[in-house]
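Undergrad: Got a predicted structure here, sequence first:
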Amino acid sequence: MIEAVLTGAVRGGTSIVFAGVGETIAERSGVTNLGTEGSMLAGALTAYAVGIESGSPWLGALAGVVAGALLAMLHAVLVLWRGANQIATGLAITFLGIGATSLFGQDYVSQGVEPFTPWAIPLLSDIPLLGSVLFDHDPLTYLSFLIAPLAWWFLFRSATGLRIRAAGERPIVLSSMGIDHRPVRWLAVGIGGGLAGLGGAQLATAFARTWAENMVAGRGFIAVALVIFAAWNPLLIVLGAYLFSGAVAFQLELQARNVDVSIFLLDAIPYLVVLVVLALMSRRRRHAAPESLSSVFDATT
């Protein structure tokens, strides 16, 4: 059971890792995007459809990245150009993603797609317990192992990352250097949406290997919540994503073993875990939030 739960945590958490890291980059620039759920759905459907039409899951994944980024850029247009409220706009983008993918995804329900298949790493995949948990996955899952440290380096060791963090903390500093903070935020939001789209692509073409209406099932919102848990640190996003997905895998194992507990209570376990963790950690993590994010919530009062 332990092996099944840990393996499920990694496989199921990959899509959330991509989306959470992307949202971290966006929020580091001072923009909250509750449309992450919509970008994941757009990425999932687009990757699935392109994968079917082209026969290539790689082209599908690339198309999913583009679809997620485009939907996020719509959020950026409304927020950064038109000055719309970030919270309301993000929710509207999510509902747009749900509606559009439900409409255009009808023809792809139950259709077969050329999926990403697991690549067992020689020798390492034979290690007891650890082998199946870490070294017998699809290529996008392996990519997710790299995305968090790469994002950390990008944010904290590159010049572009410094500008993104400056846009989220003190945009006036960028202005004093003759740099407009808005294009920097556009870039961050686009990257965030693209990674969310990649998460959706992994969910549809590697994990579930199918398309169903609203199949993301709240993972985008979980990713946004985990950014707070991770204190806007992409490395800690991985821990939060695996914690949530491990809870999902655990409750599925309990259902499979016919444990005498209400199925509705079992379904609620992963979300209760996230709520408890956020309640315990949010007060301590609040000081880590980029300063510009405070204006997002001040505008809603």
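TA: In hand now; what should we look at?

Undergrad: Low-confidence regions, this structure specifically.
TA: In the prediction, the chain carries residues with pLDDT under 70 at positions 281-287, 297-301.

Undergrad: Show me where it has its strands.
TA: Counting by DSSP state E, residue ranges of the strands within the chain are 119-120, 136-137.

Undergrad: List the contacts of the first one.
TA: Strand 119-120 is contacted from outside by 135-139, 142, using C-beta atoms under 8 Å, 6 or more residues apart in numbering. The way it works is simple: take the backbone N, C-alpha and C, and place the C-beta from them, glycine included.

Undergrad: that older thread, ranking the strands of the chain by burial, who's on top?
TA: Across the strands of the chain, the average number of neighbours (mean count of other C-beta atoms under 10 Å) peaks for strand 136-137, which reaches a mean of 22.

Undergrad: circling back to that earlier point, reformat the contacts of strand 119-120 as JSON lines; add distance to residue 87.
TA: Below are these laid out as JSON lines (distance: C-beta to C-beta, whole Å):
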{"residue": "135", "distance to residue 87": "41"}
{"residue": "136", "distance to residue 87": "40"}
{"residue": "137", "distance to residue 87": "35"}
{"residue": "138", "distance to residue 87": "34"}
{"residue": "139", "distance to residue 87": "35"}
{"residue": "142", "distance to residue 87": "35"}
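
Undergrad: re earlier: just send the strands of the chain back as TSV, with distance to residue 127 too.
TA: Shown next, in TSV, are the strands of the chain (distance: least, C-beta to C-beta, whole Å):
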stretch	distance to residue 127
strand 119-120	11
strand 136-137	10
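
Undergrad: List the residues that contact residue 137.
TA: Counting by C-beta under 8 Å, 6+ apart, residue 137 touches 10-11, 14, 118-119.

Undergrad: May I have the beta-bridge partners of it?
TA: Residues in a beta bridge with residue 137, per DSSP bridges, are residue 119.
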